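Provided below are the primary sequence and the corresponding predicted coordinates.
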Amino acid sequence: MNDNYIQKVHIDWDIIPKDSYLRNIDALKHLEDFNFNNRITFFVGENGTGKSTLLEAIAVAYGFNPEGGTINYNFSTYDDVSELCEAIKISKGYRRPKGNYFFRAESFFNVASKLEDYRDITPKEIFYERYGGKSLHEQSHGESFLSFFQNSSKEGLYIMDEPEAALSPQRQLSLLLQIAKMGEGGSQFIIATHSPILLGLPGASIYSFDNGEVRLCKYEDTECYTVMELFINNREVFLNKLLNG
């Protein structure tokens, strides 16, 4: 038995309506149990393969706000949560996380706005010192995310959906370093990503959602890696074939 905060998830498909679109997602429709044996787990796959759907459902079933933030965040600007969260049962470990966060690239602006609501109850200089010395809205999307994560993170559970969305390659390396350090310190990460940089983190478990199944795979077998390698090593041939047929 490991010491992860989330040990296992079970999907009760009897709870999912017969006409639900979830039953048409090949990688998910036969998935009943998923074990987390590593502190850092990546979900990878083409758009529409179900990786973000499963990630979000796990986060909401654990108690996170669907739009992201810590478990203490409770707000909503839209509702697009699938029924999968209602069908998921989580087996938790013996430890309780000191920190927690659910990151969604598309709704981080809303989370940052909610964070500003707390500014009135904290001295301004102390409040902004935590996030690089200024409001998250006065920073770029990538800067604000890294500032928030690097200054707010404690040992705990972190679920991230495409955290690389607003980050340059250099910033992705900064995030990779932060994840590695926190993983060594006892934090658990579950991350859906298309980033060949983040996926290269040594020792992480990578699960592919491609080809209609969820399976453990090697870094070099991910499409993110193979496409990037092909492009970098054979750029002219690759582009000529792509642009000219």
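Perfect, I can see it now.

what residues are up against the residue nearest in space to the middle of the chain?
By CA atoms, centre = their mean, the chain has its centre lying nearest to residue 160, at 1.9 Å. The contact partners of residue 160, by CB atoms under 8 Å, 6 or more residues apart in numbering, come to 102-103, 189-193. Yep, even glycine has a C-beta here, placed from its N, CA and C like the rest.

List the buried residues for stretch 90-101?
93, 97, 100-101 (16 or more other CB atoms under 10 Å).

Using CSV, write out every CA atom in that stretch.
C-alpha atoms of stretch 90-101 as CSV (Å, rounded to 0.1, in the frame of the first residue of the first chain):
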residue,chain,number,x,y,z
ILE,A,90,-12.8,7.3,-4.3
SER,A,91,-10.7,5.2,-2.0
LYS,A,92,-8.6,7.6,0.1
GLY,A,93,-5.3,6.9,1.8
TYR,A,94,-4.6,7.3,5.5
ARG,A,95,-3.0,10.7,5.2
ARG,A,96,-4.9,14.0,5.0
PRO,A,97,-3.5,16.6,2.6
LYS,A,98,-2.2,19.9,4.1
GLY,A,99,-2.7,21.6,0.7
ASN,A,100,-5.0,21.0,-2.2
TYR,A,101,-5.7,22.5,-5.6
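
Relative to the whole chain's centre, how far out is that stretch?
16 Å (CA atoms, centre = their mean, to the nearest Å).

Likewise for stretch 32-42?
Distance of stretch 32-42 from its chain centroid, counting by CA atoms, centre = their mean, is 13 Å.

now what about stretch 94-102, what contacts it?
Stretch 94-102 is contacted from outside by 3, 5, 59, 64-65, 68-71, 149, 152-160, 186-188, using CB under 8 Å, 6+ apart.

The helix of greatest length in the chain packs against which elements?
In the chain, assigned by DSSP state H, the helix with the most residues is helix 169-184. Judged by 3 or more CB pairs under 8 Å, 6 or more residues apart in numbering; DSSP states H and E, the packing partners of helix 169-184 are strand 40-44, helix 141-152, strand 188-192, helix 196-199.
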